[in-house]
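In: Based on what follows, work out the 3D shape:
(one chain, ligands or ions: 4)
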Amino acid sequence: QAKQSGRGRVVLFDHKLNEAEKRRTQIMRDLPEAITNGEIVPYYQPIICTSKRLVRGVEALARWTHKDFGPIDPAELFELAHMCTMAGDLDKHLRGKAFEQVKPWLDNGLINYLSLNISPQDIACEDFATKLLGRLAAMAISPEQICVEILESAIVGDLESAQANLEQLSSAGVQIALDDYGTGFSNLRALLDLPLDKLKLDQSLVRALGANNKVANLLTSIMELAKAMNVRVVAEGIETRLQSTFVTSIGCDLMQGYLFSQPLPYAQMDAWLFEYREKVA
Ligand code: C2E
Ligand code: MG
Ligand code: MG
Ligand code: MG
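Out: Ligands and ions are numbered 1, 2, ... in the order given. Purely as a prediction, here's the structure:
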């Protein structure tokens with residue numbers, strides 16, 4: 001855009017634009033090596049049930065501290081990985097690591113499931129479900145112990161292949177969650193057409209609670225909708241007791257947020273899970 005509006009203007013933006021572009025290019029250039037070197041790792045955040053306050057699952061979230069740029073925002077990381085068609089490889093690497101690390105937690109009952117974010121192009125890949133189920137079998141992880149989180153935008157793009165993968169996963173017992181619910185189109189069709197087990201209420205909705213009654217009313221009616229569709233609801237971004245009390249009172253099944261724990265590296269989450277179990281039991 002700027003480039004077409006005349007030479008004089010370009011110069012003004014040139015410097016900053018270049019810096020940002022250079023940074024993005026460098027990140028993309030460093031990505032393959034960072035993946036093979038294991039520099040990008042999964043962190044884990046607990047998912048807690050509202051009824052007994054027990055840990056039910058953990059969500060794996062990617063973390064990368066770049067040697068020059070410091071921590072890279074995961075949203076930007078996946079945007080860039082997608083641009084250089086590395087998102088699939090990155091997720092595959094992260095999933096491998098996560099399966100390995102989480103296996104003992106699953107085996108000794110510290111958690112019931114591992115929740116994985118799946119990028120839109122993966123869920124649209126023809127053999128995605130077959131490959132994932134194969135990996136799980138090889139790891140002796142039961143499909144019921146996995147939840148895949150997909151974005152609405154993923155199914156808007158290529159509904160048919162996404163749907164086929166989700167049907168296959170769901171029939172095998174994998175749980176399916178619709179992530180960031182309430183930020184996009186909140187497509188009702190998706191609720192009808194996809195084999196969903198969970199809706200994850202986006203943290204922006206939780207944060208907006210208390211601003212006015214409208215938000216509380218909206219969440220209450222989403223809960224009714226979810227009940228009618230027989231899907232569980234996970235409230236994301238729970239930071240205060242007030243928020244946790246409210247989402248519990250309207251019938252949310254699960255909660256996740258800094259009130260319980262930030263996403264933590266493996267060893268720290270391991271310690272946290274044992275400590276939490278002692279505290280609640
Ligand atoms: P998401 O799946 O909706 O993840 C929830 C985000 O909320 C995470 O941000 C998490 O750190 C943050 N969060 C959790 N609790 C709280 C809270 O109480 N307060 C606030 N303010 N934030 C909270 P994060 O880790 O920056 O990830 C952002 C997005 O990047 C994720 O959104 C997900 O869409 C994507 N992402 C992260 N890791 C992966 C991955 O391994 N694979 C793929 N495909 N996507 C990933
Ligand atoms: Mg998620
Ligand atoms: Mg989310
Ligand atoms: Mg999100």
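
In: what mean pLDDT would you report for the longest helix along the chain?
Out: Secondary structure of the chain per DSSP state H: the longest helix is helix 7-36. Helix 7-36 shows a mean pLDDT of 82.

In: can it be found next to ligand 1?
Out: No: using C-beta under 6 Å from any ligand atom, we find that helix 7-36 stays clear of ligand 1, coming within 11.8 Å at best. (Glycine included, C-beta is placed from N, CA and C.)

In: hang on, Ala228 in a helix?
Out: Yes: under DSSP: H, G, I helix; E, B strand; the rest coil, Ala228 falls within a helix.

In: Please report how far it lies from Ser221.
Out: Using C-beta to C-beta, to the nearest Å, one obtains 10 Å as the distance from Ala228 to Ser221.

In: Can you work out which residues contact both of those two?
Out: Residues touching both Ala228 and Ser221 by C-beta atoms under 8 Å, 6 or more residues apart in numbering: none at all.

In: and stretch 225-245 with ligand 2, contact?
Out: No: judged by C-beta under 5 Å from the ion, stretch 225-245 and ligand 2 are separated, with a smallest distance of 7.6 Å.

In: mind listing the helices in the stretch 1-150 of the chain by residue range?
Out: Assigned by DSSP state H, counting those that start in this stretch, the stretch 1-150 of the chain shows helices spanning 7-36, 74-83, 87-107, 120-123, 128-139.

In: packing partners for the first one?
Out: Read it as helix 7-36. Helices and strands touching helix 7-36, as assessed by 3 or more C-beta pairs under 8 Å, 6 or more residues apart in numbering; DSSP states H and E, comprise strand 55-66, helix 74-83, helix 87-107.

In: ok now the last one, how far from the chain's centre?
Out: Averaged C-alpha coordinates place helix 87-107 at 14 Å from its chain's average position (C-alpha atoms, centre = their mean, to the nearest Å).

In: Now that helix: buried residues?
Out: Neighbour counts over helix 87-107 (16 or more other C-beta atoms under 10 Å) mark 87-88, 90-91, 93-95, 97-99, 101-102, 105-106 as buried.

In: Equivalent analysis for stretch 120-139, please.
Out: Of all the residues in stretch 120-139, those buried under the rule 16+ other C-beta under 10 Å are Pro120, Gln121, Asp122, Ile123, Ala124, Cys125, Phe128, Ala129, Leu132, Leu133, Leu136, Met139.
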